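Undergrad: Generate a structure from the sequence data that follows.
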Amino acid sequence: MVWPGCRYSVERPPDAWPDAAPPKLAETFMVKVLTTHAARYPDLSRCPFELTVEREFRSPAAALFRAWTQGLDGWLAAPGSVTMRPEVNAPFFFETEHRAEAAGEVQRHPHYGRFLQIMPDRLVQLTWMTGANGTEGAETIVTVELHLRGEGSTLRLHHAGFPSASARDRHRESWPLVLQRLAHRLGEPP
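TA: Numbering: from 1, shown residues only. Down below sits the predicted model:
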C-alpha cells in the first residue's frame with residue numbers, strides 16, 4: 001500500500017538484470033516507503049494557466065512510471081545531465097538540448113524541480129521550473145497520472161501554474177512531442 005505525501009525510494013532487486021547488462025525501462029523495480037514527510041506545494045494563485053494532454057501507450061504503467069522517475073535521460077533529458085532521486089521533496093535537475101537550425105549551436109535548457117507525490121505505477125507529481133522560453137521562471141506543477149487500459153495504459157499529464165497564456169501554449173505544443181519521444185523510446189509506433 002502507498003500513501004500520498006510519503007517519501008519513496010526506488011531500488012532494483014538484486015536479480016533484476018545481470019551485472020554486465022544495463023537496465024532497461026521495462027525492468028522491474030521495488031519501491032519502499034522511507035518516511036511520511038508531506039511536500040510543500042507552490043502557490044499557483046497568481047499563475048492561472050494550465051493544460052492537459054493524454055496519450056495511450058501499449059506499455060504498462062510500470063514502464064511509464066520508471067521513465068518519469070528513473071529514465072529521463074533515455075527520452076527527455078540530455079544524457080549525463082540528470083540529477084534525480086525519486087523521493088518526495090527531493091530536488092532534481094536536468095537539461096534538454098535543442099538545435100534552432102540544422103547547423104546552429106545547441107541551446108541548453110535547464111529544468112529544476114522536486115517531487116511532490118509518488119505513487120508507484122499510478123502517479124508522479126512534481127514541480128517544474130524552466131527559464132524564459134519555458135515556464136518563465138515560475139514554479140509550475142506537472143501531474144502524470146497512469147491508468148491501466150487493457151494490456152497498455154493511458155498517461156494523463158496535467159501541467160498547471162503557468163504565468164502567461166504564451167508559456168502555456170508553448171508547452172501545449174511541446175508535451176505531445178515529448179510523449180511521442182517517450183513512446184518511441186519504449187519501442188511503440190508513433
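Undergrad: Okay, Ala167 and Arg85: tell me how far apart.
TA: Remark: distance between Ala167 and Arg85 (CB to CB, to the nearest Å) = 27 Å. Just so you know, the C-beta spots here come from the backbone N, C-alpha and C atoms, and that holds for glycine as well.
Undergrad: the more surrounded of those two?
TA: Neighbours per residue (other CB atoms under 10 Å) separate Ala167 from Arg85, with Ala167 holding more: 23 against 13.
Undergrad: pLDDT value on that one, please?
TA: We have a pLDDT of 96 for Ala167.
Undergrad: low pLDDT regions in this structure?
TA: Scanning the chain for pLDDT under 70 picks out the ranges 1-37, 100-103.
Undergrad: again, only this time at 90
TA: 1-40, 73, 95-110, 132-133, 151, 189-190 (pLDDT under 90).
Undergrad: any chance you could map the strands in it?
TA: Secondary structure of the chain (DSSP state E): strands located at 7-11, 30-35, 49-57, 91-99, 106-119, 123-128, 140-149, 152-162.
Undergrad: and of those, who's closest to Gly134?
TA: strand 106-119 (6.5 Å; CB to CB).
Undergrad: of all the strands of the chain, which gets the most neighbours per residue?
TA: Each of the strands of the chain was assessed for mean neighbour count using mean count of other CB atoms under 10 Å. The highest is strand 123-128, with a mean of 21.
Undergrad: Need the contact partners of it.
TA: Applying CB atoms under 8 Å, 6 or more residues apart in numbering, the external contacts of strand 123-128 come out as 42, 65, 68-69, 92, 111, 113-118, 135, 139-146, 159.
Undergrad: try it again with 6 Å
TA: Outside strand 123-128, the residues that touch it by CB atoms under 6 Å, 6 or more residues apart in numbering are 42, 68, 113-117, 139-145.
Undergrad: Would you reformat the strands of the chain as JSON lines and include distance to His184?
TA: JSON lines is the format used below for the strands of the chain (distance: least, CB to CB, whole Å):
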{"stretch": "strand 7-11", "distance to His184": "23"}
{"stretch": "strand 30-35", "distance to His184": "26"}
{"stretch": "strand 49-57", "distance to His184": "11"}
{"stretch": "strand 91-99", "distance to His184": "16"}
{"stretch": "strand 106-119", "distance to His184": "20"}
{"stretch": "strand 123-128", "distance to His184": "20"}
{"stretch": "strand 140-149", "distance to His184": "18"}
{"stretch": "strand 152-162", "distance to His184": "14"}
